[in-house]
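In: have a look at this prediction, sequence included:
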Amino acid sequence: MKLRITSSGAPASANVEITDVMFQPGAAVSGWLPHVTEMPWVSGVTDMDSGGGSVVIRWEDIEGKPISYPPASHVHTIDQVTGLQGALDSKASSSSVASIVTPAKKWAGLVSAHDSAVTVEFDPDYGWISWIDLSKLSTVGDIAFSFPHSASSSTAARPYGWSMNVLTEGIGGVTALRPRVDYMNGATVTGSNAELSLTAWATWGYSVVHDFILPASRLPRPTFVVVGNTVGSTGRIGLTRPVLATKSEVSQ
């Protein structure tokens with residue numbers, strides 16, 4: 001049995017007292033219930049306040065409650081999330097991100113027609129790698145690529161050192177691979193250090209380390225030559241960013 005007592009229009013200080021309750025289904029009197037104080041009773045009514053009173057409904061008295069409350073898909077605007085706009089404003093702009101993810105320097109063909117064969121990818125072990133797609137080389141024979149390097153010339157010859165990695169993936173149709181450093185007088189090549197001739201293994205990794213003496217008043221330019229490229233050559237060659245500096249700079 002549930003019993004609901006409603007009082008309306010009573011002043012805030014009024015008390016409602018329940019004495020006896022009678023069952024009377026239809027027109028038949030079923031009988032009296034004992035005084036409410038003699039019954040097991042848990043009131044659902046709290047103390048009345050000056051605003052007309054408040055009612056506390058117990059959770060177990062609510063019928064038809066759902067068993068679970070799964071979250072529904074919904075959308076929040078930025079201003080509804082505390083601190084989100086400030087966090088977004090502090091992020092790097094798209095232009096600055098582009099400057100980070102796109103290397104400023106890469107290997108390029110000494111003939112611009114070969115630039116389309118070069119793509120740049122980031123590798124977690126080697127960093128930025130310039131990959132030469134042999135199938136996209138437009139000419140046969142020896143094809144050279146260079147890496148831009150900023151350096152200042154000196155009036156005296158000086159010892160230099162350089163290093164890089166050469167990677168091959170399924171290459172075929174070339175005779176050899178030759179990394180070197182050219183001695184530049186402006187745009188003119190006046191000589192080069194001894195070329196390193198690498199066997200063109202189909203899939204391999206080479207670590208190139210070489211020392212040389214850079215002549216006075218010359219600038220170094222890292223260069224790589226694909227030797228004996230033929231029609232229908234396949235695979236690709238990866239060149240890492242070369243480390244090129246004077247001996248003292250390398251030791252630092």
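Out: That came through fine.

In: show me where this protein has its strands.
Out: Along the chain, counting by DSSP state E, strands occupy 21-23, 31-33, 108-109, 118-123, 127-133, 141-146, 158-172, 176-185, 188-192, 198-199, 204-214, 219-229, 234-240, 243-246.

In: ok, residues contacting the fourth one?
Out: With contact meaning C-beta atoms under 8 Å, 6 or more residues apart in numbering, strand 118-123 is reached by 101-103, 106-109, 128-133, 145. Glycine gets a C-beta too; all of them are placed from N, C-alpha and C.

In: okay, now the unreliable bits of this protein?
Out: For the chain, the stretches with pLDDT under 70 are 1-55, 92-102, 104, 247-252.

In: which of the strands of the chain sits closest to Glu63?
Out: Nearest to Glu63 among the strands of the chain is strand 21-23 (21.6 Å), distances taken as C-beta to C-beta.

In: what's across from Trp131 in the sheet?
Out: Assessed by DSSP bridges, Trp131 has beta-bridge partners Thr119, Gly238.

In: quick one: it from Gly173, how far?
Out: In this view, Trp131 and Gly173 are 16 Å apart by C-beta to C-beta, to the nearest Å.

In: quick check: end-to-end length of stretch 70-86?
Out: 31 Å (C-alpha to C-alpha, to the nearest Å).

In: and it, how far from the chain's centre?
Out: 22 Å (C-alpha atoms, centre = their mean, to the nearest Å).

In: ok, stretch 121-141 next?
Out: Per C-alpha atoms, centre = their mean, the centroid offset for stretch 121-141 relative to its chain is 24 Å.
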